[in-house]
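Asks: how does the following fold in three dimensions:
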Amino acid sequence: MSTYTIQWYPGHIARAERQLKEQLKRVDVVLEVLDARVPLASHHPDIPQWIGSKPRVLVLNRTDMVPPEVLQNWQTWFVARGETPYLTDAQRGRGIKTLVKATQRAGASVNQRRRDRGMRPRPVRAVVLGFPNVGKSALINRLVGRKVVESARRPGVTRQLKWVRISDEIELLDAPGVIPPRLDDRVAALKLAICEDIGEAAYDNQRVSAAMVEMLAELGEVEVLLSRYGYDPRAMTGESFLHQLARDRYSADIERAARQLLDDFRKGILGPVPLEHPPAIASVGSTRTPLEPASERDY
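Replies: Residues are numbered from 1 along each chain as shown. Okay, here's the model as predicted:
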């Protein structure tokens, strides 16, 4: 599968990251939100360093876009590595009650220490962290039970940090999506672009859509492309697939065909299709950290 370099780091992200590091000093619990389609690629490599010893609740969101058997495999993989993933679908409100309870449990020690010092309990302060467009704002709205922050299926909607009271027990900090200044794993960068977890200005639609076709073919997701478009991706390159689609359906408009391919995946028209599967269980005993970014062989 061919790859090319994707570069991004909008100015508002850099400013928000500086502000976030300051606010993290006030936070008790961290909710790290991953895209269930790409759990490894959507993990920010700096988060463990930022949060130190603070309790972390791992959230796999957009579970409606991944087959149940793949989610089960991810659960097994994370548990084997000492993690407990909480599965959510913020669009439909699934998994929210369980996540609230997990957040309360993670922050319980804070108020226990306050009681031990003769202080009154206070709401647990949690922050929601993750790449742009993994569904953080939609998740917060579900946790609160009403729309308190802007939410849309595109990156860059949240631009400022904002504290939101969920209940007498929990306060949440909604933070803009955070992305590394650079990502050396080009395959991971492509996955993020395909899922629209980074801004469109960072990549070329035609190259990304062609790479998506080849990636789905290598993952064995041939039928979703064959049934939707009528072409077998194993019989041609991703670029040839895109050009054929443009000639047959879009008056040779390659850019329009590229956007349609990406939209069909992002809107779920192709069905629940993952871009990553858990690495082999044999790797559980390796020295990789629990959420070290995927290598080019992990998809």
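Asks: just the element for residue 259, please.
Replies: Using DSSP states H and E, residue 259 maps to helix 254-266.
Asks: endpoints of stretch 19-33, how far apart?
Replies: 19 Å (CA to CA, to the nearest Å).
Asks: list the buried residues in it.
Replies: 20, 24, 27, 28, 29, 30, 31, 32, 33 (16 or more other CB atoms under 10 Å). No exception for glycine: its C-beta is placed from N, CA and C like everyone else's.
Asks: do stretch 38-46 as well
Replies: Quick answer for stretch 38-46 (16+ other CB under 10 Å): 38, 39, 40, 41, 42, 43, 44.
Asks: still on that earlier bit, which strands or helices does the helix holding residue 259 pack on?
Replies: Contacts defined by 3 or more CB pairs under 8 Å, 6 or more residues apart in numbering; DSSP states H and E place helix 254-266 against helix 186-194, helix 205-218, helix 238-249.
Asks: measure how it sits relative to helix 205-218, angle-wise.
Replies: 50 degrees (axes from the mean of the first three to the mean of the last three CA atoms, to 10 degrees).
Asks: tell me the angle helix 254-266 makes with helix 186-194.
Replies: Using the same axes, to 10 degrees: helix 254-266 against helix 186-194 is 90 degrees.
Asks: restricting to C-alpha, output helix 254-266 in PDB.
Replies: Presented in PDB, the C-alpha positions along helix 254-266 are these (Å, rounded to 0.1, in the frame of the first residue of the first chain):
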ATOM      1  CA  ILE A 254     -11.700  12.400  -9.800                       C
ATOM      2  CA  GLU A 255     -12.000  14.800  -6.800                       C
ATOM      3  CA  ARG A 256     -15.700  14.200  -6.600                       C
ATOM      4  CA  ALA A 257     -15.200  10.400  -6.700                       C
ATOM      5  CA  ALA A 258     -12.600  10.700  -3.900                       C
ATOM      6  CA  ARG A 259     -14.900  12.700  -1.700                       C
ATOM      7  CA  GLN A 260     -17.700  10.200  -2.300                       C
ATOM      8  CA  LEU A 261     -15.500   7.300  -1.300                       C
ATOM      9  CA  LEU A 262     -14.500   8.900   1.900                       C
ATOM     10  CA  ASP A 263     -18.000  10.100   2.700                       C
ATOM     11  CA  ASP A 264     -19.400   6.600   2.200                       C
ATOM     12  CA  PHE A 265     -17.000   5.300   4.700                       C
ATOM     13  CA  ARG A 266     -17.300   8.100   7.300                       C
END
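Asks: in the chain, where is pLDDT below threshold?
Replies: Regions of the chain meeting the criterion pLDDT under 70 cover residues 1-14, 16, 149-160, 201, 281-299.
Asks: now with 80?
Replies: Low-confidence segments of the chain, defined by pLDDT under 80: 1-19, 146-162, 175-184, 199-202, 280-299.
Asks: ok, and what's touching the lengthiest helix in it?
Replies: Criterion DSSP state H: the longest helix present in the chain is helix 96-116. With CB atoms under 8 Å, 6 or more residues apart in numbering as the test, helix 96-116 has contacts from 28-29, 31, 55-57, 59, 84, 86, 88, 90, 120-122, 124-126, 139, 142-143, 166, 169-170.
Asks: neighbours around residue 241, how many?
Replies: Neighbourhood size, residue 241 [other CB atoms under 10 Å]: 24.
Asks: nearest spatial neighbour of it, skipping sequence neighbours?
Replies: Leaving aside its chain neighbours, residue 241 sits nearest to residue 213 (4.6 Å; criterion: CB to CB, 6 or more residues apart in numbering).
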